[in-house]
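1. Predicted model, plus sequence, below.
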Amino acid sequence: MPEPITSLQNPQVKRLVRLRNRREREQEGVILIEGARELARAESAGATVTELFLCPDLFSPEAHERFPEPQALAQAGATLLSRAAFEKVSGREHPDGVLGVGPVPAVTLPSPAQHALVVVLHGLEKPGNVGAILRTADSAGADGVIVLGRGADPYSPNVIRASQGSVFSVPTVTLPEDEALAWLAEHGFRTVACTPDAPADYWHTPLTGRVALLLGTEHAGLPAEWRTAHQSVRVPMHGQADSLNVATAAALVMYEVLRQRG
């Protein structure tokens, strides 16, 4: 069995560290998929993994189940890393010893069904929020997620982790604003802006048919051109807080869409 890479100055280790940077990933056209669960969900969704890095000393029970024989995997092309080397390349506090590299998935939005739900994210920068929204979109049966412009990279390691791999289950694309608006108009979507100053509570608004939920940042909300939606809805606030976490608000409205269509 090949010896694990131990040096933190090894070129492969240094490259993996660089790939934690968005610009480096974009230059190579690759993504990092860390975690046994996330890797399994990526592969089951058809994502390609071209490089596999393992550290059996860090394996979680799920990683042991996924890779019961790391020696055989090493012989088949996986690269073994020492604990110190893997912890160097990992973005997690408690890594499970599994890391894959592969090309950015070539994703397109599917032809929408009669009652399609698409979630549009404008300017969201926090990977935790984007990942949580992707998990909810997966659970609520959304048909796609559109990330506008240069918000959080939906295929960054942190978003993949926060979504627990759901980014691979829900068609997720990054589009310029004009292309997103054109696609929604072409397919007859009714745009529903989620904003605190909307006149109607979300549960009093019909959310059937082809609906695109528009979500902006907590501090700035949606820009003017996206507030001119077909409808706008709010989550009522009764305390001193003036806004909810965007992922929480998204979950409430998405499940109301699911309830109305149930």
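-> That came through, no problem.

2. okay, and for this protein, where does confidence drop off?
-> Under the criterion pLDDT under 70, the flagged ranges of the chain are 1, 75-76, 218-221, 227, 239-243.

3. in it, which spans are strands?
-> Along the chain, counting by DSSP state E, strands occupy 30-34, 51-54, 79-80, 98-103, 117-122, 144-148, 172-175, 190-194, 200-201, 211-215, 231-234.

4. So which of these is nearest residue 19?
-> strand 30-34 (5.6 Å; CB to CB). C-beta: built from backbone N, CA, C; applies to glycine.

5. That closest one pairs with which strands, parallel or anti?
-> strand 98-103 (antiparallel) (DSSP bridges).

6. Flag every buried residue along the partner strand.
-> If you call a residue buried by 16 or more other CB atoms under 10 Å, then strand 98-103 has these buried ones: 98, 99, 100, 101, 102.

7. repeat for stretch 143-150
-> For stretch 143-150, a neighbour-count test (16+ other CB under 10 Å) marks 143, 144, 145, 146, 147, 148 as buried.

8. and which of those is nearest to residue 20?
-> Distance to residue 20, by CB to CB, is smallest for residue 147 among the buried residues of stretch 143-150, at 19.3 Å.

9. Give me the distance between the closest residue to the closest one other than its chain neighbours and residue 31.
-> Closest residue to residue 147 apart from its sequence neighbours, by CB to CB, 6 or more residues apart in numbering: residue 174 at 4.6 Å. Separation of residue 174 from residue 31 (CB to CB, to the nearest Å): 13 Å.

10. same check, this time on residue 244
-> From residue 244 to residue 31 the distance is 30 Å (CB to CB).
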